[in-house]
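# Coordinates only, no sequence provided:
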């Protein structure tokens, strides 16, 4: 009896192996670089999209190192013929560019701190508490997402006027935060709800109060979502132009996007310094992206036990 | 050191479902109380109410002299082991175990010492710097235990802590839990649906059903003197055979279908209440081990059954056989009572029974086999109320 079973299983294994070999042969036709065809098409797609998004950046980087004379030639090149750092020196020293940079940094970091803090608290309430009109309030928040932010400029300006916050970085921070809160709350609520209730209950039995449940349990477990919120918010505040242009009057309070605009005047545009300034302006976004990425990975590695 | 007292505690959910009905229960200091019952009987709700994770609808919960009804969970000094273990994935094993102490602002050296002590008790020392995600099921369970014992809580609650483990590990950790509980010596409430765990672990076992307490006694008492059909059917594996019978007017025999068991006077002495049932229908309960193979002694009561399944377990044989008597199932007895139906008379005149016999006997399915009946071990139940007939 047992011998028959053994034989049977051997036959079965052989059959299976043969089948798998056949399948492997049919799908593993060596194509470009020996990569299977479906993988190849994916690779091509990725390359196309990558090129589309990376090329402008590369071109900007290249132009930032070229003297103005070279930039305006009829045959643009990607590799600078006469590389120079002059554009960077000029960009940083003209128009109090460094001041704008610091202003933008202050506004962006302030916006991130306020948005992350308040959206976490709100999302925690929506995810974990029961209170009257919870869903209605949530949908009111979501409805704010449907309003284009440009339409809000006049009300926001009037509000800032009433609060004596025109021409102030704090005013910008508050307006930017208010615009980022709805989406952040929406995103975080989903993540917070996914943290098992048992963990929270255990935390409370171990002596933790609500704030500690949020800060020590739910926030660390939702690190990827918080990183996304921080990154989006930072980029929003970093590159916002219209509100900053409307609200800020005095040169000392200008932010970077407005500062970059100074390189474009009525009659001439200083292309070299403009691109150098743009490259400098891009660096913080990239830094923030890499910092956030570490948190994505950390969050993913925690995911296993949930 | 605290005792736990529940007085007429009820829990009604907003949708009107009553999960727990007027529960009275006292767990004295150091006692290991097991709450057991089928799923949905409200046992976990009881535990969560004691922990403060669930509000109670009415009644009083006391720890010692202190009424805890309104006290939030973090001030109850309760340690709980969750069915899912609820380990904090972002913390290492050491941080998990020491977390409650950190919340209490215990000095760091003291925390380290207590965490190491707990880890050595549970054999976790070499895993202290791991994250829960890197541990096996058994190790996670131990961490959950460690987290509970390190605090020296006044109340220890466990919600089916072994249900996610494989059978072998379960037996091993069952012994470990008993040892740990003895060591920390605090009032412990352990919820399970596994009656083996209940019988082996509990100093006392509370049997819960549809939110109502059926019986709370030492495991052996539950087994030997169940208060009603439900407890009789729930405690014991394989379950007690419950059959509809008619007691003769002379009180000397019970008719089960076409067969008869004679009752010796000693049965009447031990069950004086039977006198009221002369000539009436009642429910007869026979434990599988009280149906050994007949040795055909003169005067001994016997039951003949058609064997349809034989399970040889090595040390014993479980014989499944059919009798031409009506079977009574304990699971739905209350429901039928609520619907105004009699407990018996489901119409099934073929009762499926189980006997546990010694392995030297040769039984095959299809045989008609004769079992001896151990009269003194018979249980009798009122077939309307389901209550045991003793006095």
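Nice, thanks for sending it over. Model, not experiment: these values are computed from the prediction.
# helices and strands of chain B: which one bottoms out on pLDDT?
Ranked by mean pLDDT, DSSP states H and E, the helix or strand of chain B with the weakest confidence is helix B:333-338, at a mean of 49.
# residues in contact with residue A:258?
Going by C-beta atoms under 8 Å, 6 or more residues apart in numbering or on different chains, residue A:258 touches A:100, A:241, A:244-245, A:248. (Glycine included, C-beta is placed from N, CA and C.)
# Which helix or strand lies directly C-terminal to the least confident helix or strand of chain B?
Downstream of helix B:333-338, the next assigned helix or strand under DSSP states H and E is strand B:351-357.
# Which strands or helices does that following strand pack on?
Where contact means 3 or more C-beta pairs under 8 Å, 6 or more residues apart in numbering or on different chains; DSSP states H and E, strand B:351-357 is packed against strand B:241-247, strand B:317-323.
# And the contacts of residue A:258, which of them are buried?
Neighbour counting with 16 or more other C-beta atoms under 10 Å in any protein chain shown marks A:100, A:244, A:248 as buried within the contacts of residue A:258.
# quick one: average pLDDT of stretch B:311-326?
Stretch B:311-326 carries an average pLDDT of 90.
# What of stretch B:258-275?
According to the model, stretch B:258-275 has a mean pLDDT of 88.
# list the buried ones in it?
In stretch B:258-275, counting by 16+ other C-beta under 10 Å, buried: B:259-261, B:263, B:267, B:271, B:274.
# just stretch B:15-25 next, same as before
Within stretch B:15-25, the residues that count as buried by 16+ other C-beta under 10 Å are B:19-21, B:23, B:25.
# Over to stretch B:285-300?
B:285-288, B:290-294.
# among these, which are in strands?
The strands, defined by DSSP state E, take in B:285-286 from the buried residues of stretch B:285-300.
# beta partners for residue B:78?
Here residue B:78 shows beta-bridge partners residue B:155, assigned using DSSP bridges.
# Counting neighbours, what do you get for it?
Neighbourhood size, residue B:78 [other C-beta atoms under 10 Å in any protein chain shown]: 27.
# Likewise for residue A:114?
Neighbours of residue A:114 under the rule other C-beta under 10 Å: 18.
# Tell me which helix or strand the closest residue to chain A within the stretch 151-300 of chain B sits in.
Nearest to chain A, among the residues of the stretch 151-300 of chain B, is residue B:151, at 7.8 Å (C-beta to the nearest C-beta). In this structure, residue B:151 sits in neither a helix nor a strand according to DSSP H and E.
# Grab the nearest non-local neighbour of it.
In space, and not counting its chain neighbours, residue B:151 is closest to residue B:100: 4.7 Å by C-beta to C-beta, 6 or more residues apart in numbering or on different chains.
# That neighbour: how many residues sit nearby?
The tally of other residues near residue B:100 (other C-beta under 10 Å) stands at 24.
# Also residue A:157?
By other C-beta under 10 Å, the residues close to residue A:157 number 16.
# That one contacts residue A:167, doesn't it?
No. In this structure residue A:157 lies outside contact range of residue A:167 using C-beta atoms under 8 Å: 11.1 Å.
# can you list the domains in the chain?
Went with chain A since none was named. Domain ranges of chain A: A:1-29, A:31-84, A:87-305, per automatic domain parsing.
# you looked at the wrong chain, it should be chain B
Split by automatic domain parsing, chain B gives B:4-229, B:239-382.
# For the stretch 1-150 of chain B, what lies in contact range of chain A?
Residues of the stretch 1-150 of chain B lying close to chain A (C-beta under 8 Å from any C-beta of the partner chain) are B:51-53, B:72-74, B:76, B:78-80, B:82-84, B:86-90, B:99-100, B:103-104, B:131-133, B:147.
# one more time with 6 Å, if that's ok
Remark: the part of the stretch 1-150 of chain B in contact with chain A comprises B:53, B:73-74, B:78, B:80, B:82, B:84, B:86, B:89-90, B:99-100, B:103-104, B:132-133, using C-beta under 6 Å from any C-beta of the partner chain.
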